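1. Structure of the sequence below:
(chains A, B, C and D)
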Number of protein chains: 2
Amino acid sequence: MTSKNGNSSRQKPAAQPARSSVNLKELAAHVGLSPTALSLVLNDSPAANSIPQETKNRIFAAAKQFNYRPNYLARSLRAQRTFTLGVLVPELSDGYSAMVLSGIEEHLLKEGYFYLVASHRHDLDLIEQYRKLLYERQVEGLIAVDTPCEAGLHLPVVRVSGHIEMEGVTNIALDHDRAATLALEYLLELGHRQIAFIKGQVFSSDTEVRWEAIREAATRLDIAVRPRLVAQLEGNSPSPELGYIAAKELLAAGEPFTALFAFNDVSAIGAVRAFHEANYQVPEDISVIGFDDVYSAAFQNPPLTTIRQPLKEMGKLAAETLLGRLTNNPDTPHPMLLTVKPELIVRRSTAPIKTPVA
Amino acid sequence: MTSKNGNSSRQKPAAQPARSSVNLKELAAHVGLSPTALSLVLNDSPAANSIPQETKNRIFAAAKQFNYRPNYLARSLRAQRTFTLGVLVPELSDGYSAMVLSGIEEHLLKEGYFYLVASHRHDLDLIEQYRKLLYERQVEGLIAVDTPCEAGLHLPVVRVSGHIEMEGVTNIALDHDRAATLALEYLLELGHRQIAFIKGQVFSSDTEVRWEAIREAATRLDIAVRPRLVAQLEGNSPSPELGYIAAKELLAAGEPFTALFAFNDVSAIGAVRAFHEANYQVPEDISVIGFDDVYSAAFQNPPLTTIRQPLKEMGKLAAETLLGRLTNNPDTPHPMLLTVKPELIVRRSTAPIKTPVA
DNA sequence: AACCGTTACTAAATCGATTTATTGGCGCAA
DNA sequence: TTGCGCCAATAAATCGATTTAGTAACGGTT
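-> Model prediction:
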């Protein structure tokens, strides 16, 4: 990455960068008072108690008349507060990050904050680089969505789908045990015992935890997890292609199965396509259950049964938690883990078992 | 919207907001020179010519050793440059905005810029409010994605999917005439003459232009556009539900049709579902053609034929154009309209006509 | 009359980097 | 030997708001 405005570069300044209308000094001159007086009054500082209401009114009136807005940079420089957070996501254009981001943004803007986003496509160097860049931009905290990220740099961090306990980091995670149990118990109810799985990419934060949860639930429910019925997503395209490939591998392995539990909806969609191509009907021959409940899941053909993650709420929770930590003393202990609940959404890609196939 | 850090509020400052390691003064003290000298050298200012290489080396070494980073706020305040743009989008979590945003972000970060996003769900007051907020944050320009937005406030603006010519605004638009022609000629080739349409929501920037283009192309190709075969999307949910509803209306109108040209892929997906529910096969009974080519289009069942918009490239073009305008003198004329080309992506939701139905 | 405490303000320092103006010293030419 | 120019650097002003430390004027007490 080439940074064109780094420390040692020269650059023509953007010609006349839209200065804000009036500054405090000019406004003060107009009212015939000192900038100090105006600042105290406009910020309702306790030191403004001694100033008579009439003077205050004059100041307010002038501020209104000239539509005075304090300069953000000056104010931030002085106060060492930017009201800005940094957000790291793997990819903007996939449903997952966008959904979480949408929850983050809604809450932050309501609270008067903005945020800077950077997407890193799971490149560890980029993550590190962006983290430093955001730090230099004086963000007050970091939200890392599906992104490995230590605290460090003295910045409070909240990780969405984070699982590693770390000083300075609050993890927000789905209750994966519950998710796995919901899915497997449901499949079991439908009579499925030969279940195939698609695991997430190795770089995906949830992959390991989810898989462990599935294995435990399977053991508890006495469901066998056969190695040949486990495929793994490879590559970081956000398209269903990856699930399509994984499903083909599963079919090729030759071990019969009546249901598939996919890592996410996108890969489930790809898998359905692979099954159709191989002349298996979903759900008649193979039941498919996805994960996440992205917008399009309900409108697949067949509509996808899935484990819903409350992605938007997770984003909101991340924002809330981080803002909360910012107003606390940095030494007060912060939550290490916040868990949200999954939900089973039954649609039409799952059905009771008829006869084992494949 | 309640802004908690407005002009007249008091707030406990975030405790000890992670100050950057060393500042220029400290570094200067360490080297035994003045801050001025360091600044000149580190910025490679012409005034640093007279400083001997050896001194420069000492300065560089110290900067490196202490990992000195100039304070972004101080620098921006002085230079009146923030290297930050504002981006307005209707909704983060729908495929369209996220895709454009992804193109924007990739280009901006490469050029050393960041951006602040705000999503307004087509609320005109929010748009205005966010625009002011972004302005106060000293963004150097604005990218408005599918968002009505005048220039004003002396800020250069680039609109993605903008169509209204305005001083200070560069519009980036798809060649809708070509898009309409591609779709209709293709349907005509397949033998379709009874074609239904789903128009976009009234608040969508593309709706009018696209519809005009379709009418013109239809006239030119001698295709009748029957009022009863035109439905319109209502509401601003980003789910296929809206297309589902629109398609039901079309079916209810009782006018037979053999093909549907939808406003976007998401609504096309909903429409396919409605058709299936009404026992029409796609494409055997009704051909469906979407618009945009979102990720999941290829993995619908059937895979969706669609008119591809190069959304990511549009985002990139927007970013490029805006940065270009920033380095120019503000009086130099700027492009008013940049057009990008659509592409017909043939998949399996379209087929030659068999017999008219419905 | 000296002193205290309000009231109603203002000057100046501060945040941290950049930039303009200035200084002291040295070599060399008039 | 005065003076000009160059070198190597620095002091001070600047960006715009906030905040600390004062100050002048006035009324009331002892």
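
2. which bits of the stretch 201-350 of chain A sit near chain B?
-> Residues of the stretch 201-350 of chain A lying near chain B by CB under 8 Å from any CB of the partner chain: A:238-241, A:244, A:266, A:269-270, A:272-273, A:276, A:295-296, A:298-301, A:303, A:312, A:326-330. Any C-beta I mention is one placed from the backbone N, CA and C, and that applies to glycine too.

3. how about a cut-off of 7 Å?
-> Contact residues (CB under 7 Å from any CB of the partner chain) of the stretch 201-350 of chain A with chain B: A:238-240, A:269-270, A:272-273, A:276, A:295-296, A:299-301, A:326-327, A:329-330.

4. Then the stretch 51-200 of chain A?
-> Counting by CB under 7 Å from any CB, the stretch 51-200 of chain A sits next to chain B at A:69-70, A:72-74, A:76-77, A:79-81, A:83, A:92-93, A:98-99, A:101-102, A:105, A:109-112, A:114, A:116-119, A:136-138, A:140, A:153-155.

5. Out of these, which sit inside helices?
-> Using DSSP state H, the subset of those located in helices is A:72-74, A:76-77, A:79, A:98-99, A:101-102, A:105, A:109-110, A:136.

6. Please identify which of those residues is nearest to residue B:187.
-> Nearest to residue B:187 out of those is residue A:98 (CB to CB; 32.1 Å).

7. Let me see the contact set for that closest one.
-> The contact partners of residue A:98, taken as CB atoms under 7 Å, 6 or more residues apart in numbering or on different chains, are A:92, B:92-93, B:98.

8. Need the per-residue pLDDT for it.
-> At residue A:98, the model reports a pLDDT of 92.

9. follow-up on the earlier one: narrow the ones in helices among the residues of the stretch 51-200 of chain A next to chain B to those that are buried.
-> A:72-73, A:76-77, A:98-99, A:101-102, A:105, A:109 (16 or more other CB atoms under 10 Å in any protein chain shown).

10. Now narrow the residues you listed to whatever sits close to DNA strand C.
-> residue A:77 (CB under 7 Å from any atom of the strand).

11. Next, give me the two most distant ones among the buried ones among the ones in helices among the residues of the stretch 51-200 of chain A next to chain B.
-> Maximum distance among these (CB to CB): 35.1 Å, for A:77 and A:99.

12. Compare the contacts of residue A:98 and tell me which is most surrounded.
-> Counting neighbours by other CB atoms under 10 Å in any protein chain shown, residue B:98 comes out on top of the contacts of residue A:98 with 29 neighbours.

13. hmm, back to that, just the residues of the stretch 201-350 of chain A next to chain B: which are in strands?
-> Here DSSP state E is the test, and those give no hits in strands at all.

14. of the residues you listed, buried ones?
-> For these, a burial check counting by 16+ other CB under 10 Å picks out A:238-240, A:269-270, A:272-273, A:276, A:295-296, A:299-301, A:326.

15. ok, residue A:118 to residue B:43 distance?
-> Remark: distance between residue A:118 and residue B:43 (CB to CB, to the nearest Å) = 25 Å.

16. In stretch A:40-54, which residues are buried?
-> Quick answer for stretch A:40-54 (16+ other CB under 10 Å): A:40-43, A:48.

17. same check, this time on stretch A:110-120
-> Buried residues in stretch A:110-120, counted by 16+ other CB under 10 Å: A:111-120.

18. can I assume residue A:290 sits in a helix?
-> No: Residue A:290 sits outside any helix when classified using DSSP: H, G, I helix; E, B strand; the rest coil, being strand.

19. Give the helix, strand or coil label for residue A:338.
-> Of the three states, residue A:338 takes strand according to three-state DSSP.

20. show me what contacts it?
-> Residue A:338 makes contact with A:170, A:172, A:317, A:321 under the criterion CB under 7 Å, 6+ apart.

21. farthest pair in the buried residues of stretch A:110-120?
-> A:112 and A:120 (27.2 Å).

22. from the contacts of residue A:98, which has minimum pLDDT?
-> The member of the contacts of residue A:98 with the lowest pLDDT is residue B:93, at 86.

23. Could you report the distance from the closest residue to DNA strand C within the stretch 201-350 of chain A to residue A:166?
-> Closest approach between the stretch 201-350 of chain A and DNA strand C, counting by CB to the nearest atom of the strand: residue A:330, at 17.1 Å. Separation of residue A:330 from residue A:166 (CB to CB) stands at 15 Å.

24. Enumerate the residues of chain A near DNA strand D.
-> Close to DNA strand D, as judged by CB under 7 Å from any atom of the strand, chain A has residues A:19-20, A:23-25, A:35-36, A:39-40, A:42-43, A:45, A:47, A:68-71, A:74-75, A:77-79.

25. The same query, at a cut-off of 10 Å, please.
-> A:17, A:19-28, A:34-43, A:45-48, A:50, A:68-81 (CB under 10 Å from any atom of the strand).

26. Provide a list of residue ranges in the stretch 251-358 of chain A with pLDDT below threshold.
-> A:355-358 (pLDDT under 70).

27. Okay, helices next: where are they in it?
-> A:265-277, A:311-327 (DSSP state H, counting those that start in this stretch).

28. Give the buried residues for the longest one.
-> Applying a neighbour-count criterion of 16+ other CB under 10 Å, one finds A:311-312, A:314-323, A:325-326 buried in helix A:311-327.

29. For that helix, give me every contacting residue.
-> Outside helix A:311-327, the residues that reach it (CB under 7 Å, 6+ apart) are A:85, A:96, A:99-104, A:106-108, A:111, A:140-141, A:143, A:156, A:158, A:160, A:170, A:172, A:292, A:334-335, A:338, A:340, B:12, B:14.

30. Please, a ChimeraX command that selects the buried ones among those?
-> The ChimeraX command for the buried members of the contacts of helix A:311-327 (criterion: 16+ other CB under 10 Å) is given here:
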select /A:85,96,99,100,101,102,103,104,106,107,108,111,140,141,143,156,158,160,170,172,292,334,338,340 /B:14
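
31. Report the contact partners of residue A:27.
-> A:38, A:62-63, A:66, A:68.

32. Residue B:58 versus the closest residue to it other than its chain neighbours, what's the distance?
-> Distances taken as CB to CB, 6 or more residues apart in numbering or on different chains place residue A:68 nearest to residue A:27, at 5.3 Å, with adjacent residues excluded. Plainly put, residue A:68 is 45 Å away from residue B:58 if you go by CB to CB.
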